[in-house]
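J.: give me the fold of what follows.
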Amino acid sequence: MPSLLHFGEDDLLNCRFAVSPLWETQEAVRTLNRPARHGYHAHWLRRMRAAAAGLDLTPLWLLMPQRGYSPDWLGPPPLGPAASFEEEIAVIRTADPDVAREESARSLADTPGALASARGRALLADPARMVRELTGLLEQAWHTLVEPDWPRLRALLEADVAFHSRRLAEVGLGGLLPEIDRRFGWRSHTLTVEVRGRHERHLAGQGLVLMPSVFSWPDVISGFEPPWQPTLVYPARGIGGLWAEPTDRTPDVLVRLLGRGRAAVLTALDEPAGTTALAHRLRLAPSSVSAHLTALRDAGLLVSRRYGHQVLYERTPLGIALASGGG
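T.: Numbers count the residues shown, from 1 in each chain. Just a heads-up that it's a prediction; the model follows:
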């Protein structure tokens, strides 16, 4: 049976998007221990194998059951569209040890043998120490597994949000949700979600947080209980080319028209992106990419808009025509 979320008029006004580096870090840790996800991130896994081997992630995996409850103290609600990892990990660092112990015991009970294991008992024996150790382990996982690729990941997630925000303005929430994922359905102000377990909620003015994710692929994940604002995590758009190495696919005729640098930037903008992400993708200096973006925008081939802490660029219809047809 699907989960049902009933929207009132106030809920329609309180829907928002979020991007969370902490969530991506936790899901990267999960991905290492979930072979069903490996095919979506094979390139990343090959690069990370040696670095990941230097991390003892077992305490985190114990609190990440295949099915069941993951503790809220370890995964607090997303702060917003532009929160940093440092801001999010600070929330975990101040978790109440008594609450952390209660929630962790509930989570351990959902993994056969975890509650009675030596590691599980050690976590619960000193919850203040558990909070410190798991916070430190998440920080290590962030620096090792996610931070090196965060400009690329953040660009993809923010491009997803920019795209769906535009679609929200064009088709409304009822039109947008089924477009985001085939497991979402909308009828008469009620959202149906095909996920494990059945929930039925009247949102009662809380609205809904929609959060794209890379490492959650291909799953849809829901969070409905306090302290979470009702939240749906869905697979981000564009993951197919996320880990691909850059290739020179710039048409020669476009190079002759615009020059190699500007042609490469225009061709690379299949999705909205910012200067840093494009520079990383194309292996060019950010200052050069910024100059190319400005020239292309002034020529009417790109438009730009601010999103959170950065400016995203995307092609205009003329830019699309040039990039796809080579002039």
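J.: which ones are touching the closest residue to residue 276 other than its chain neighbours?
T.: Using CB to CB, 6 or more residues apart in numbering and skipping the chain neighbours, the partner closest in space to residue 276 is residue 151 (5.1 Å). Placement of C-beta: from N, CA and C, glycine included. Contact analysis of residue 151 by CB atoms under 8 Å, 6 or more residues apart in numbering lists 276, 277, 280.
J.: cross those against strands and list the overlap.
T.: Judged by DSSP state E, these include no members of strands.
J.: scan those residues and report the most crowded one.
T.: Most neighbours among the contacts of residue 151, by other CB atoms under 10 Å: residue 277, with 26 neighbours.
J.: wait, what's in contact with that one?
T.: Counted by CB under 8 Å, 6+ apart, residue 277 has contacts 151, 152, 154, 155.
J.: report the buried members of the residues you listed.
T.: 151, 152, 154, 155 (16 or more other CB atoms under 10 Å).
J.: mind listing which of the residues you listed are in strands?
T.: Taking DSSP E, every one of the buried ones among the contacts of residue 277 sits outside strands.
J.: can you tell me which of the residues you listed is nearest residue 222?
T.: Of all those, residue 154 has the smallest distance to residue 222: 23.2 Å, by CB to CB.
J.: so the closest one touches residue 20, yeah?
T.: No. Using CB atoms under 8 Å as the test, residue 154 is too far from residue 20 to be in contact (10.4 Å).
J.: can you mark which positions in the helix or strand hosting residue 178 are buried?
T.: Secondary structure from DSSP states H and E places residue 178 in helix 150-180. Neighbour counts over helix 150-180 (16+ other CB under 10 Å) mark 150-165, 168, 173-174, 176-178, 180 as buried.
J.: list the buried residues for the helix or strand following that helix?
T.: Next in sequence after helix 150-180, counting helices and strands by DSSP H and E, comes strand 184-187. Buried residues in strand 184-187, defined by neighbour count with 16+ other CB under 10 Å: 184, 185, 186.
J.: do the same with stretch 294-301
T.: 295, 296, 297, 301.
J.: could you list which of those belong to helices?
T.: 295, 296, 297 (DSSP state H).
J.: noted, bye for now.
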